[in-house]
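A.B. asks: predicted model and sequence follow; I will ask about them next.
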Amino acid sequence: MDIFEIHELTDDMMKLSHDTFYKFLEAALNKDLCELFRIQGIRDMSSLSSITIDELIHILDFDVIELNNLKKALGFVSADGRFYLRLGFRNLLDRLWLLVGSKKNPSTNTLQPTYEHIEDYIVKNLPKLWKQSFSSSNEDNIPILIPWIKNIFENFKKSKNQFRYDSHVQQFALLLLILGGRNCYEFLRLNLPGALPHISNIESLLRNPEVKITEGQFRFKLLKEYSQSNHCNYVFASEDCTNSICRIDYDAQINSFIGLSSPLTDGVPKPNFFRTDNYEELKIWFDNYNKSKLINIHVTATDILKRWLYIYNQCLAQNVRVIGFSTDADPRYLRAMRLCSRFFAELPNLNLFKHKDNFHLKIPDRWSWFFMKGQQLLLFMQDSIHIATKFRNRLLSEVASMKMGDYRIDIQHLMNLIALKNKLDHNLIKCDVCPKDKQNFVSCRRISSDMVLNLLNNNKNYTGTFIYLSLLNSIIKGLIDKSTTIEQRLYHIWTAVFTCRMWWAWLQNSKIKNIINDETTDSIQKIKANSFITKPTFWCIEINAHTLLYMVLLVINNRLPVNVLNTFLFNSQGCENIFRIARALSGPYSSISNFTVKSFIKRCDKISVIDSIKSRSGQGDNYNFKFPQHHKTDKEIHNYSMNYIKELNLTEYDIEKIIENAFEAAKKYVTMANMNTLLINKNIYTLPALSQFIVINISKSGSKVIDYTEDIDFDQDSDEDELDDEENDSELLDDETLSKNGTDDEDEEDEGNIISNLSDIERQDFQGCRIYDKVNPQYIHKYFRIRVGSSVKYLHKQTACWLLTDSKSRLSSDRLERVKTSG
């Protein structure tokens with residue numbers, strides 16, 4: 001007798017007990033399963049309805065010697081001691097329990113399982129099946145698949161218009177819409193009924209004010225929440241800019257025009273400044289205000305400095321300490337950094353140290369080579385990748401003719417290696433040496449690799465190029481490589497600093513003759529300038545080296561946590577990444593990779609949603625989302641040589657030894673290029689003498705910056721801004737309340753909306769344009785009231801933007817062309 005041949009248990013079968021019960025089990029199931037029932041003391045058929053299969057086999061999970069033979073007969077035991085019942089035996093028991101359950105339930109006339117039974121079984125056993133599966137052996141969190149299936153079962157019980165979705169499913173759907181696009185989302189929704197909410201419901205989540213990004217508005221409260229969730233109140237900010245399509249758009253959600261350059265107050269833009277219900281005022285804005293061509297405020301160094309101080313003060317009010325800022329080596333940002341850090345710069349009228357939380361260190365007097373002041377409000381790091389590419393690009397310059405001592409620094413030396421040596425010896429191709437993309441960092445790594453340096457070092461004529469690319473290698477190891485220890489970082493970057501200082505000192509003291517017999521001072525200085533790296537690159541290397549050492553001293557003095565020494569994170573590559581992601585969010589069926597200011601903000605809303613879900617995933621529940629990672633990022637995660645700095649065992653004495661070694665390494669480079677003889681003759685070959693020469697000559701030259709910006713009272717401005725925001729919010733609330741109450745009084749509408757006369761329009765039928773005779777009072781704020789002839793019409797504000805735009809701005813999809821355009 002086979003259990004699967006039995007379609008229904010008879011009344012007599014349900015009364016089986018003791019020996020007759022065991023005989024039935026031995027015949028319908030098998031001898032080993034029958035023995036399991038004996039061991040568990042189950043003596044009758046009717047008792048099966050009160051226990052489960054898992055309870056029956058639970059005893060086999062224990063290490064009982066007497067049960068070893070039974071375990072081998074019924075299933076397998078894993079290394080961790082867990083017992084797994086054979087699938088065939090599990091099916092036999094499932095059939096028996098189904099027969100007993102159907103007999104116990106008088107309303108069940110057939111053995112076909114009901115919908116509720118199937119749902120209950122699947123929902124209860126899904127987590128268990130997941131935990132037992134081999135794929136989840138290393139998983140702590142339950143996949144989103146499980147609540148998703150549960151939600152589908154719930155929706156199958158309801159009509160289509162009553163579908164409801166769990167919060168986790170809504171988050172999953174939102175991520176799917178953002179990452180896959182509308183077409184992908186709709187394809188899955190239509191083919192998986194009950195699984196995903198309608199796209200309009202998901203888009204409403206994107207309009208949530210909590211995640212809404214507003215042009216010119218800082219989100220300091222969200223920063224506070226994020227820092228609290230990560231238990232860290234220190235941040236290092238970064239900023240960058242990129243080109244955008246120059247176009248003015250209307251944002252109906254905030255009732256404001258976007259794409260015009262907002263006026264600044266102490267370097268801070270006014271959010272929602274361009275709001276109006278007057279068409280004539282919009283025309284004035286089009287004529288008198290600049291249109292935004294860049295994402296991010298790109299103004300003067302003074303405005304940048306004021307904005308940084310505003311951000312610092314507002315973050316401090318939220319108990320978040322901004323350590324410093326990182327940018328992309330733009331000259332305006334560089335000037336602002338030097339002014340704030342007083343690095344060969346002065347701010348005589350601006351008091352930066354009126355707060356008690358500024359950094360203060362006692363720099364030893366013997367450190368004459370350290371030029372940074374001991375008291376600092378903010379610290380700065382220029383983007384190290386930009387420094388490396390600028391350093392490499394100087395080698396490609398048609399204007400520069402760099403020289404170190406007796407040797408030229410020439411790109412042709414690398415071309416000769418490619419022509420004369422096997423590719424396996426240097427691993428170079430021509431586009432590595434002369435890249436079309438001036439921001440190609442991979443090229444910097446390749447031309448400064450150990451293989452290339454060894455080949456250059458073997459040819460004495462290539463000495464200048466060897467030293468120059470060795471400095472590039474030191475910059476990469478000191479500022480960019482993630483596996484470099486803090487001692488190695490200090491050594492490499494200060495080797496580059498001291499070599500550049502001695503190189504500059506040699507140029508200032510060398511006698512250079514002009515081949516065109518123009519011996520004027522300006523001409524000689526121009527030749528010397530073209531023989532050296534650019535001033536911005538020189539200042540960037542100096543600032544980064546000083547900031548790195550200053551932060552090491554702060555950690556030694558317990559002013560900052562040790563993890564701030566992971567300085568390879570302090571760059572503007574995060575901003576670059578956001579720009580890349582924003583361009584990629586155009587969708588698979590769109591070839592448009594560029595954006596206007598408005599579309600960039602909309603895409604940043606989506607990026608903000610993704611980051612918010614990522615940061616909160618797994619908090620408060622067992623469900624977790626997994627995101628794909630770039631293969632390079634995945635390699636970094638599994639690269640165990642890349643260890644984040646967790647402790648620091650350095651003293652001032654150790655630092656001095658590192659600096660001495662770095663200076664000795666720089667002297668070796670100088671000697672190789674035969675620059676040492678002149679430096680010795682001028683008594684600037686020792687570290688104190690060289691440092692004094694640099695300080696005196698930079699102070700005399702035009703490189704020192706003095707700015708007479710007046711002091712700013714951010715506290716007073718902050719209070720006024722908050723008050724203005726509250727008043728604006730209350731007015732908006734009143735308008736919304738009126739619209740919700742259904743006010744249809746046309747006289748009141750006339751008072752609130754100024755009529756503009758468009759007398760030059762002859763057309764009366766505006767089909768295809770958003771110009772209407774009547775509009776819903778609830779949306780009256782989205783329209784201008786205009787007079788066309790003798791009739792009053794409503795002109796949508798986005799249509800007004802189209803009407804006032806007389807040219808179409810274009811931006812190349814090729815990044816190289818965009819860079820050329822911005823330059």
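C.D. replies: Received it, and whenever you're ready, just let me know what you need. Numbers count the residues shown, from 1 in each chain.
A.B. asks: going forward, measure contacts between C-alpha atoms and count neighbours the same way
C.D. replies: Noted.
A.B. asks: for residue 442, which non-adjacent residue is spatially closest?
C.D. replies: Leaving aside its sequence neighbours, residue 442 sits nearest to residue 432 (Cα to Cα, 6 or more residues apart in numbering; 8.0 Å).
A.B. asks: actually residue 302, not the one I wrote
C.D. replies: Among residues not flanking residue 302 along the chain, residue 336 sits closest, at 6.5 Å (Cα to Cα, 6+ apart).
A.B. asks: pull the contacting residues for the one you found.
C.D. replies: With contacts defined as Cα atoms under 8 Å, 6 or more residues apart in numbering, the neighbours of residue 336 are 301-302, 304-305.
A.B. asks: how far away is the nearest residue to residue 220 once chain neighbours are set aside from residue 758?
C.D. replies: Distances taken as Cα to Cα, 6+ apart place residue 315 nearest to residue 220, at 6.3 Å, with adjacent residues excluded. Using Cα to Cα, to the nearest Å, residue 315 is found at 48 Å from residue 758.
A.B. asks: which of these two has more residues huddled nearby?
C.D. replies: residue 315 (21 against 12; other Cα atoms under 10 Å).
A.B. asks: could I get the buried residue list for the host helix or strand of the more buried one?
C.D. replies: Assigned by DSSP states H and E, residue 315 belongs to helix 301-317. Neighbour-count burial for helix 301-317 flags 301-316 (criterion: 16 or more other Cα atoms under 10 Å).
A.B. asks: residue 649 belongs to a helix?
C.D. replies: No. Using DSSP: H, G, I helix; E, B strand; the rest coil, the assignment for residue 649 is coil, not a helix.
A.B. asks: residue 475: neighbour count?
C.D. replies: Close neighbours of residue 475, defined as other Cα under 10 Å, add up to 26.
A.B. asks: I figured it hits residue 490, correct?
C.D. replies: No. With contact defined as Cα atoms under 8 Å, residue 475 does not reach residue 490; the gap is 10.4 Å.
A.B. asks: I figured residue 426 hits residue 452, correct?
C.D. replies: Yes. Applying Cα under 8 Å, one finds residue 426 in contact with residue 452, separated by 5.3 Å.
A.B. asks: wait, what's in contact with the nearest residue to residue 243 once chain neighbours are set aside?
C.D. replies: Sequence neighbours aside, residue 294 is the residue nearest to residue 243 in space, at 4.5 Å (criterion: Cα to Cα, 6+ apart). Counting by Cα under 8 Å, 6+ apart, residue 294 makes contact with 241-244.
A.B. asks: so how far is residue 54 from the closest residue to residue 500 other than its chain neighbours?
C.D. replies: In space, and not counting its chain neighbours, residue 500 is closest to residue 538: 7.7 Å by Cα to Cα, 6+ apart. Going from residue 538 to residue 54 by Cα to Cα gives 72 Å.
A.B. asks: neighbour count for these two, which is higher?
C.D. replies: Of the pair residue 538 and residue 54, residue 538 is the one with more neighbours under other Cα under 10 Å, namely 18 against 10.
A.B. asks: I'd like the next helix or strand past the helix or strand where residue 224 lies.
C.D. replies: Using DSSP H and E, residue 224 falls within helix 220-229. Next helix or strand after helix 220-229 toward the C-terminus (DSSP H and E): strand 234-238.
A.B. asks: now for that following strand, which elements pack on it?
C.D. replies: In terms of contact count using 3 or more Cα pairs under 8 Å, 6 or more residues apart in numbering; DSSP states H and E, strand 234-238 is assigned the packing partners strand 321-327.
A.B. asks: the same query, at a cut-off of 10 Å, please.
C.D. replies: With contacts defined as 3 or more Cα pairs under 10 Å, 6 or more residues apart in numbering; DSSP states H and E, strand 234-238 has these neighbours: helix 220-229, helix 301-317, strand 321-327, strand 379-382, helix 573-584.
A.B. asks: how close does the residue positioned nearest the centre of the chain sit to residue 605?
C.D. replies: By Cα atoms, centre = their mean, the chain has its centre lying nearest to residue 574, at 4.9 Å. From residue 574 across to residue 605, the span is 16 Å (Cα to Cα).
A.B. asks: now swap in residue 428 and tell me
C.D. replies: Noted for residue 428: a distance of 42 Å to residue 605, by Cα to Cα.
A.B. asks: where along the stretch 1-150 of the chain do the strands fall?
C.D. replies: 75-77, 83-85, 142-143 (DSSP state E, counting those that start in this stretch).
A.B. asks: ok, now the stretch 551-700 of the chain?
C.D. replies: Ranges of strands within the stretch 551-700 of the chain are 623-624, based on DSSP E, counting those that start in this stretch.
A.B. asks: pLDDT weak spots in it?
C.D. replies: Low-confidence segments of the stretch 551-700 of the chain, defined by pLDDT under 70: 617-623, 630-647.
A.B. asks: state the pLDDT value of residue 267.
C.D. replies: In this model, residue 267 is scored at 85, pLDDT.
A.B. asks: can you report how many residues lie near it?
C.D. replies: Using other Cα under 10 Å, residue 267 has 20 neighbouring residues.
A.B. asks: for it, give its distance to residue 378.
C.D. replies: Distance of residue 267 to residue 378, computed by Cα to Cα: 17 Å.
A.B. asks: what is in contact with residue 426 and residue 452 at once?
C.D. replies: Common contacts of residue 426 and residue 452, defined by Cα atoms under 10 Å, 6 or more residues apart in numbering, comprise 414, 417, 446.
A.B. asks: quick one: which of those has the most company?
C.D. replies: Neighbour counts for these (other Cα under 10 Å) peak at residue 414, which has 24 neighbours.
A.B. asks: ok, that residue touching residue 447?
C.D. replies: Yes. Counting by Cα atoms under 10 Å, residue 414 touches residue 447, with 7.9 Å between them.
A.B. asks: show me the shaky parts of the stretch 151-300 of the chain.
C.D. replies: Residues of the stretch 151-300 of the chain that meet the criterion pLDDT under 70 lie in 209, 297-298.
A.B. asks: one step back: need the shared contacts of residue 426 and residue 452 in JSON lines with secondary structure and distance to residue 811, can you?
C.D. replies: Listed next are these as JSON lines, based on DSSP: H, G, I helix; E, B strand; the rest coil; distance: Cα to Cα, whole Å:
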{"residue": "414", "secondary structure": "helix", "distance to residue 811": "35"}
{"residue": "417", "secondary structure": "helix", "distance to residue 811": "39"}
{"residue": "446", "secondary structure": "helix", "distance to residue 811": "32"}
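A.B. asks: which of those residues sits closest to residue 523?
C.D. replies: The closest of the shared contacts of residue 426 and residue 452 to residue 523 turns out to be residue 414 (Cα to Cα; 29.9 Å).
A.B. asks: leaving out the residues flanking it, which one is nearest to that closest one?
C.D. replies: Of all residues not flanking residue 414 in the chain, residue 433 sits nearest, at 6.8 Å (Cα to Cα, 6+ apart).
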